[in-house]
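Novice: Test case, fold it:
(one chain, ligands or ions: 1)
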Amino acid sequence: PHEGYGQTWAKTILIGEHSVVYGHPALALPLHSLKMQAWATPIASGQQAQLEALDYSGSLEESGGTFGGLKRAVEVTLNFLHHPQQAFNIRTQSDFPAGRGLGSSAAASGAVIRAILDAYDVEVSREQLLDLTNQAEKITHGHPSGLDAATTSGLKPVRLAAGSMSTIQPQGDAYLVIADTGVVGSTKEAVEGVRSRFQEDPTGVGQLMDSLGEQSEAAIRDLENGQMESLGHRMNEAQVLLNALQIGHPKLDLLVETARSCGALGAKLTGGGLGGCVLALASTKEDADRISKALRSDGAQQVWLHQMVA
Ligand code: PMV
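Specialist: Prediction:
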């Protein structure tokens, strides 16, 4: 093998987080301007493989930190290629932070898997790549829905409902502004919290889930038809419902308000909640720039712009 290179992207959930766990549809978008890159360099047998990633630098075997699961990504790929004895040094470089619902874990696994496949000049089908990524992610996350793996390695928005995935073709131009509250929210904690509230009050929480599902279904149709104002309205509705599930955070609410008061068509949290990022929809570049500036001055740690094009 030679040195291999792999690339994936960040993702954001436009709508449908949490209710997707209960079988309703969700839509995630790849953010192609926020790259995750990985390099895999073959080393001689007997040498210890090293990992250099985000907040860790040292032996791959004992790797910890945010991307501690990458050892598994290397293993599943080498097993797949029937080269379990070959070792690689791994380096990753990311344009976006971890732990903010932007899919960094699946993106890092996907980039490393692509780098190792590249080192052997092997091309695999999309299904095979997703299967490898999900195998690697299973160790770190237990029950990944596969949405992150599919979105961070693909070109199109991904719709997931009741375990079945498809891509959609958006229409119309608009901008997404993604703002990081700087608060790390645990998706696991959020999902477990919702689960226990569902057990306490199946009727009430079930109704919230159904409403979220309806908004998501309609929002996906809006995006396919280029109905951006309606889409924004549904994002606002979803934010009310997500707060009712108690996965909000005052900093999320503050930034959502900022975006709306600066002309966003809609704004909501994105991902697991309890922190993480806010997503705002803007109809023009000028609106998006104005919203970004206001979000920054109201405390967003980082703000990214994404152009949605048909
Ligand atoms: O925090 P993220 O971006 O990994 O999104 C979590 C989405 C949930 O619906 C809350 C959980 C899930 O597994 O779908």
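
Novice: Every contact and neighbour count from this point should use C-alpha atoms.
Specialist: Fine.

Novice: Share the number of residues neighbouring whatever residue of the stretch 101-250 of the chain ends up closest to the ligand, please.
Specialist: Of all residues in the stretch 101-250 of the chain, residue 101 sits closest to the ligand, at 3.4 Å by C-alpha to the nearest ligand atom. By other C-alpha atoms under 10 Å, the residues close to residue 101 number 27.

Novice: Now do it against residue 125, distance only.
Specialist: 26 Å (C-alpha to C-alpha, to the nearest Å).

Novice: go on, residue 259?
Specialist: Applying C-alpha to C-alpha, the value for residue 259 to residue 125 is 40 Å.

Novice: okay, these two: which has more neighbours?
Specialist: Neighbour totals were compared for residue 259 and residue 125, and residue 259 leads with 31 against 8 (other C-alpha under 10 Å).

Novice: I figured the more buried one hits residue 295, correct?
Specialist: Yes: counting by C-alpha atoms under 8 Å, residue 295 is a contact partner of residue 259 at 6.8 Å.

Novice: Enumerate the residues of the chain near the ligand.
Specialist: Contacts of the chain with the ligand, taken as C-alpha under 6 Å from any ligand atom, map to 17-18, 20-21, 101-103, 144-145, 187, 191, 271-272.

Novice: redo that, cut-off 8 Å
Specialist: 11-13, 16-21, 26, 99-103, 143-145, 147-148, 185-188, 190-191, 270-273, 276 (C-alpha under 8 Å from any ligand atom).

Novice: Show me which of the residues you listed are buried.
Specialist: Buried subset of those (neighbour count, 16 or more other C-alpha atoms under 10 Å): 11-13, 16-21, 26, 99-103, 145, 147-148, 185-187, 190-191, 270-273, 276.

Novice: Just the ones of those residues in helices?
Specialist: 147, 148, 187, 190, 191 (DSSP state H).

Novice: Just give the closest residue to the first one, not the sequence neighbours.
Specialist: Residue nearest to residue 147 in three dimensions, not counting chain neighbours: residue 160, with 6.8 Å by C-alpha to C-alpha, 6 or more residues apart in numbering.

Novice: Tally up the residues packed near that neighbour, please.
Specialist: Neighbours of residue 160 (other C-alpha under 10 Å): 22.

Novice: Doesn't it lie inside a helix?
Specialist: No: according to DSSP: H, G, I helix; E, B strand; the rest coil, residue 160 belongs to no helix; its state is strand.

Novice: so what's the closest residue to residue 49 other than its chain neighbours bridging to?
Specialist: Closest residue in space to residue 49, ignoring its immediate chain neighbours: residue 89 at 5.0 Å, by C-alpha to C-alpha, 6+ apart. In this entry, residue 89 is beta-bridged to residue 41, by DSSP bridges.

Novice: Starting from residue 44, give me the distance back to residue 89.
Specialist: 10 Å.

Novice: same deal with residue 249?
Specialist: The value you get for residue 249 to residue 44, if C-alpha to C-alpha is used, is 49 Å.

Novice: In terms of packing, which of the two has more residues around it?
Specialist: Higher neighbour count among residue 249 and residue 44: residue 249, with 17 against 10, using other C-alpha under 10 Å.

Novice: Verify the stated contact: residue 298 with residue 258.
Specialist: Yes: contact criterion C-alpha under 8 Å: residue 298 and residue 258 qualify, at 7.5 Å.

Novice: List the buried residues of stretch 56-70.
Specialist: 59, 60, 63, 64, 67, 68, 69, 70.

Novice: From the ligand, how far out is the third one?
Specialist: The span separating residue 63 from the ligand equals 22 Å under the rule C-alpha to the nearest ligand atom, to the nearest Å.

Novice: In which helix or strand does that residue reside?
Specialist: Residue 63 belongs to no helix or strand when assigned by DSSP states H and E.

Novice: any idea how far the longest helix that the chain contains is from the chain center?
Specialist: Counting residues, the longest helix in the chain under DSSP H turns out to be helix 202-225. In terms of C-alpha atoms, centre = their mean, to the nearest Å, the centre of helix 202-225 is found 20 Å from the chain centre.
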